[in-house]
Each structure stands twice: as C-alpha cells, then as structure tokens.
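A.B. asks: The following comprises the amino acid sequence and a computationally predicted model.
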Amino acid sequence: KAGVTQTPRYLIKTRGQQVTLSCSPISGHRSVSWYQQTPGQGLQFLFEYFSETQRNKGNFPGRFSGRQFSNSRSEMNVSTLELGDSALYLCASSVQKSNTEAFFGQGTRLTVV
Amino acid sequence: DQQVKQNSPSLSVQEGRISILNCDYTNSMFDYFLWYKKYPAEGPTFLISISSIKDKNEDGRFTVFLNKSAKHLSLHIVPSQPGDSAVYFCAASERRAGGTSYGKLTFGQGTILTVHP
C-alpha cells in the first residue's frame, strides 16, 4: 500500500509570491491534515479536511488555505509569502474512525528568500 | 500555551539499556495519545498509541504508559538500539462528541534520543 505522497519535496520561493503544495493520502483515507514544522515552534496544526470540507483550523493567518478534492487528495496554498513561512510542511492522512493514527508524508521543504 | 510538553530536549543511553521518554499534558479533553519518531527532513513515523481507557500498551520493544491522574505518559524502549536514535514526539488528540477523532494532533516539542553502541 502506497504511503502519503507530498509534492514537491523542495521549493524555493521569493517573498510576496504564492505557493501550492500537494498531498495524496493513503488509499481509503478520507481525512487529510496539514502541519508546519519550524525549529522554533515545532509541529503546528494548520487545518484538517474530511470529505472535501474543512473540519478544523489552527491559529494561522488567512494567507494559509487549503482544499480537498473528491478523491481525498489535498492542496494547501500560502499567499504573499513571508520569510517566516520557511518551514517543513507535512501532510498526514487517517481513516477517521474513532482513535485512529495519522500517517505522515515526507513533507515539502519550503524556503522563502 | 503549550498543551503537550516534553521537558527533556535530549536523552542519551547505551545500546541494550532502557530508554524512557516522558510527556506531560494539560488539556483534560485529550483522550488519545501517540508517539512518533522523526528523522531530519522526513515526516514523523507512527510508533505506538494509547487510548485514555488504558494505562499501558505494548508493541515489541515499545511500551507506552499513561497516568491520567497525573496527566503524564511515557515511552519505554527496551532494549535500545543505535537505530532508535531520532527525535521522538509525543502527540495528543481530542475526540468529537460523535466519537471520531478531531484529526488534529497537538505535539510536544520533541526529545532527541541518542543510543550509543
């Protein structure tokens, strides 16, 4: 069974630009969550999607958005990039029954210059 | 407001000995706890989990203990191996009223485990 796939693995963008990251969950998983990892803040929850609906959102500005498609694939978008957005962005998928584990992709390393 | 805390930034143990990683939480609504292992520039790998209705869960060399009254959990690795060297994250989630997970994990800051041959 294929794992969670994130593309691209690495990305370099300039301040003010926007970026779209992609996540394909494990087959059969309907929940997709996004996390940001930085050295100072650790792993921070961005948002969660289930059946194309955002169910939960973390404390990030509106520049961070996402969506989920009918095949459960998800994208997240960051507009007007700032230097502080440089981070490892991780996607996780789960079956979403009661108490299920989340399985993570390898992440997208975004560098804003 | 850090709801999940791993107070030890690092831990060093000898191969073959026990590694004990600790985690404390403050949110009494958390009812499911997980441990992840992470290498640099990779995503976290799920290790083991425990529901709040249990106080112990075992999987091979890994055992997680939960003390709800103290809001404390720990991960025991026995015996420790050099390949266990990584960053270990404790995470917690709340359950929705309908019983399904919120899909949001709250992570601790991580503990760097180094196992020396």
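C.D. replies: The structure has been received and is ready for your questions.

A.B. asks: which ones are touching the residue of chain B found nearest chain A?
C.D. replies: At 3.4 Å from chain A, B:Gly43 is the closest residue in chain B, using CB to the nearest CB. Heads up, the C-betas are built off the backbone N, CA and C, glycines and all. Contacts for B:Gly43 (CB atoms under 8 Å, 6 or more residues apart in numbering or on different chains) come out as A:4, A:6, A:90, A:92, A:104-107.

A.B. asks: Rebuild the residues you listed as CSV, extending it with pLDDT.
C.D. replies: Output for the contacts of B:Gly43, formatted as CSV (pLDDT from 0 to 100):
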residue, pLDDT
A:Val4, 96
A:Gln6, 97
A:Leu90, 96
A:Ala92, 94
A:Phe104, 94
A:Gly105, 96
A:Gln106, 95
A:Gly107, 95
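
A.B. asks: just those that are near chain B?
C.D. replies: Here is what survives when these are matched to chain B using CB under 8 Å from any CB of the partner chain: A:4, A:6, A:90, A:92, A:104-107.

A.B. asks: Strands - which of those land there?
C.D. replies: A:6, A:90, A:92, A:104 (DSSP state E).

A.B. asks: Shouldn't A:Val32 be within a strand?
C.D. replies: Yes - according to DSSP: H, G, I helix; E, B strand; the rest coil, A:Val32 belongs to a strand.

A.B. asks: how much space between it and B:Gln2?
C.D. replies: 25 Å (CB to CB, to the nearest Å).

A.B. asks: and the two? which has more neighbours close in?
C.D. replies: Ranked by neighbour count (other CB atoms under 10 Å in any protein chain shown), A:Val32 and B:Gln2 place A:Val32 first, with 30 against 13.

A.B. asks: show me what contacts whatever residue of chain A ends up closest to chain B?
C.D. replies: Proximity of chain A to chain B (CB to the nearest CB) peaks at A:Phe104, 3.4 Å away. Going by CB under 8 Å, 6+ apart, A:Phe104 touches A:4, A:90-92, B:36, B:43-46.

A.B. asks: Before we move on, what's the pLDDT of residue 12?
C.D. replies: Here I'm looking at chain A. On pLDDT, A:Ile12 comes in at 98.

A.B. asks: meant chain B actually
C.D. replies: pLDDT at B:Ser12 comes out at 98.

A.B. asks: There's contact between it and B:Asp84 in this structure, I believe.
C.D. replies: No - applying CB atoms under 8 Å as the test, B:Ser12 and B:Asp84 come out as separate, 11.8 Å apart.

A.B. asks: what residues are shared contacts of those two?
C.D. replies: Common contacts of B:Ser12 and B:Asp84, defined by CB under 8 Å, 6+ apart, comprise B:113, B:115.
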